[in-house]
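Engineer: Sequence and predicted structure below; questions after.
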Amino acid sequence: MGNLYGSEFWTYLLPPRVGDEGAKAIMRHRLPMTAPEAVKLGFYDACLPGPGFAVDVARRAAELAAAPDFAEKLAAKQAKRRADEAAKPLAAYRAEELAEMRRNFYGFDPSYHVARYHFVSRSAHSWTPRHLARHRDLDWKVPA
């Protein structure tokens, strides 16, 4: 929304899922992503069907909890989290993200405030952002 810099620790969570270049591409383009595309990129673990979603989630959670290697997986996850925290605390990620977001709120680019106004007031979109309307980019060049 209006070039709003990501939050919710995406700078910590996204790169391990999709790689540094994948994270940069996702955040640079900010394109809508379907669930199957997210699975293909490694952003999601799985894409569950809509009608039986709650049942499927409960079944998968029960399977994970009952897996014979559950304790080992949990211990590995906890060890990785401790190592990550020792290398760079979550508080540092938060401070960096908030510093970037500060430019959205107080910087020279008003696009976030305009987008927020239209979102809150439920204004109809009057145009499609260029990064979403790739079909309009015909690579036209002005003759020299």
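Structural biologist: Nice, I can see it. Residues are numbered from 1 along each chain as shown.
Engineer: Now do the buried residues in the helix or strand harbouring residue 13.
Structural biologist: Residue 13 belongs to helix 10-29 when assigned by DSSP states H and E. Of the residues in helix 10-29, 10-12, 14, 17-18, 23, 26 count as buried by neighbour count, 16 or more other C-beta atoms under 10 Å. Heads up, the C-betas are built off the backbone N, CA and C, glycines and all.
Engineer: from those, which two are the most distant?
Structural biologist: Greatest spatial distance in the buried residues of helix 10-29: 12 and 26, 14.4 Å, computed using C-beta to C-beta.
Engineer: tell me the contacts of the most centrally placed residue in the chain?
Structural biologist: When C-alpha atoms, centre = their mean is applied to the chain, the residue found nearest the centroid is residue 10 (6.0 Å). Neighbouring residues of residue 10 by C-beta atoms under 8 Å, 6 or more residues apart in numbering: 23, 27, 97.
Engineer: State the pLDDT value of the first one.
Structural biologist: The confidence metric pLDDT takes the value 90 at residue 23.
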